[in-house]
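Asks: Let me see the structure of the following:
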Amino acid sequence: MDPSEYRRIFEHEGDHFWYRALHRLARRELERFRPHSTGRVLDAGCGTGGFLAGAAAGLEIAGFGIDWSALALGFARTRGLSRLARADVQRLPFSTGSFDAVVSLDVLYHRAVADDAAAMAEFARVLVPGGIVVVNLPAHPELRGAHDEVIHTARRYARDGVIGLARSAGLDVVRVTGFNALLYPVAVAVRRLRRGGPPRSDVEAVHPVVGGALSAVLAVETGLNRWFDWPFGLSLFGVFRKPGSVAGPGGVG
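Replies: This is a model prediction of the structure:
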């Protein structure tokens, strides 16, 4: 992705309505589908470290992060994160069964990930039996727009494609739900208005009143998402499990 995008993400990740909602959802799913909040969690494609820093503070986990961008890792270290490594999600530098959970938020779509199936297989390999993979991916190929140019999108996903990706890695499907569903019509309208224009990031400062209103909408969405999966959304959010018995408290330590 463009180097300037990492700085925008670093500056806005903590207060931007979209990131706050996504990180809240991912943390909740980690707690929901793991019988114990403790354990080793890998953030595969941790970027500037916003999710990992929040999860490490809010959950009893040993958080590890990898990213291919040295610039992104530099930003992550300024958050006080130390268990970081420069690595490719298609070739994880960890032994089999190293983690209780792998989280990968908006990574596999990237053009630097030439083989998303190999990356998903790596996520499955480094999990303990019963461990989970949590992913978020951009949806609807027809929505490709100016923001995709900035973040170097190689592919947007359909629901069946995400499920097939997980199953090809030997993972069981726990859930696949739309994310950013209630704001989907607005997002589609904005993307279409910007289509044909110069590359432009969607990560930008939002007026506090507007940001508060959008955060409230996404809070309603993620609240309802406890009981059902949204059939649509700007993104697809998936939880998958590696077959086998779940490890006890603390996972593999």
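Asks: Run through the residues that contact the residue lying closest to residue 89 once chain neighbours are set aside.
Replies: In space, and not counting its chain neighbours, residue 89 is closest to residue 119: 4.4 Å by C-beta to C-beta, 6 or more residues apart in numbering. For glycine as for every other residue, the C-beta is placed from the backbone atoms N, C-alpha and C. Residue 119 is in contact with 44, 89, 90, 104, 107, 108, 113, counting by C-beta atoms under 8 Å, 6 or more residues apart in numbering.
Asks: Those residues: which two are farthest apart?
Replies: 90 and 104 (11.7 Å; C-beta to C-beta).
Asks: These two: which is more packed in?
Replies: residue 104 (24 against 18; other C-beta atoms under 10 Å).
Asks: for that one, helix, strand, or coil?
Replies: strand (DSSP: H, G, I helix; E, B strand; the rest coil).
Asks: Wait, it touches residue 44, no?
Replies: Yes - taking C-beta atoms under 8 Å as the definition, residue 104 is a contact partner of residue 44 at 4.3 Å.
Asks: low pLDDT regions in the stretch 51-200 of the chain?
Replies: 141-154, 187-200 (pLDDT under 70).
Asks: mind redoing it with 90?
Replies: Counting by pLDDT under 90, the stretch 51-200 of the chain contains low-confidence residues at 54-62, 108-114, 138-158, 180-200.
Asks: Now do the helices in it.
Replies: 70-77, 116-125, 146-150, 159-168, 184-194 (DSSP state H, counting those that start in this stretch).
Asks: closest one to residue 84 among the ones you listed?
Replies: The nearest among these, by C-beta to C-beta, is helix 70-77 at 5.3 Å.
Asks: related to what we said a few turns ago, counting neighbours, which of the contacts of residue 119 comes out on top?
Replies: Going by other C-beta under 10 Å, residue 44 tops those with 28 neighbours.
Asks: how much space between residue 181 and residue 21?
Replies: 11 Å (C-beta to C-beta, to the nearest Å).
Asks: Identify the contacts common to those two.
Replies: By C-beta under 8 Å, 6+ apart, the residues touching both residue 181 and residue 21 are residue 221.
Asks: In terms of neighbours, single out the busier of those two.
Replies: residue 181 (23 against 20).
Asks: what residues are up against the more buried one?
Replies: 221, 230, 232, 233, 234.
Asks: Please name whichever of the helices of the stretch 51-200 of the chain is nearest to residue 213.
Replies: Per C-beta to C-beta, nearest to residue 213 of the helices of the stretch 51-200 of the chain: helix 184-194, 11.3 Å.
Asks: what element comes up after the closest one heading to the C-terminus?
Replies: Once helix 184-194 ends, the next helix or strand along the chain (criterion: DSSP states H and E) is helix 208-224.
Asks: Convert that next one to CSV, retaining C-alpha atoms only.
Replies: Below are the C-alpha coordinates for helix 208-224, written out as CSV (Å, rounded to 0.1, in the frame of the first residue of the first chain):
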residue,chain,number,x,y,z
PRO,A,208,-16.8,14.3,15.7
VAL,A,209,-20.6,14.6,15.2
VAL,A,210,-20.6,12.5,12.0
GLY,A,211,-18.1,10.1,13.4
GLY,A,212,-20.2,9.6,16.6
ALA,A,213,-23.3,9.0,14.5
LEU,A,214,-21.6,6.4,12.3
SER,A,215,-20.1,4.7,15.3
ALA,A,216,-23.6,4.4,16.8
VAL,A,217,-24.9,2.8,13.7
LEU,A,218,-22.0,0.3,13.6
ALA,A,219,-22.5,-0.4,17.4
VAL,A,220,-26.1,-1.3,16.6
GLU,A,221,-25.0,-3.5,13.7
THR,A,222,-22.4,-5.4,15.7
GLY,A,223,-24.8,-5.7,18.6
LEU,A,224,-27.4,-7.4,16.4
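Asks: buried sites along that helix?
Replies: Within helix 208-224, the residues scored as buried using 16 or more other C-beta atoms under 10 Å are 211, 214, 215, 217, 218, 221, 222.
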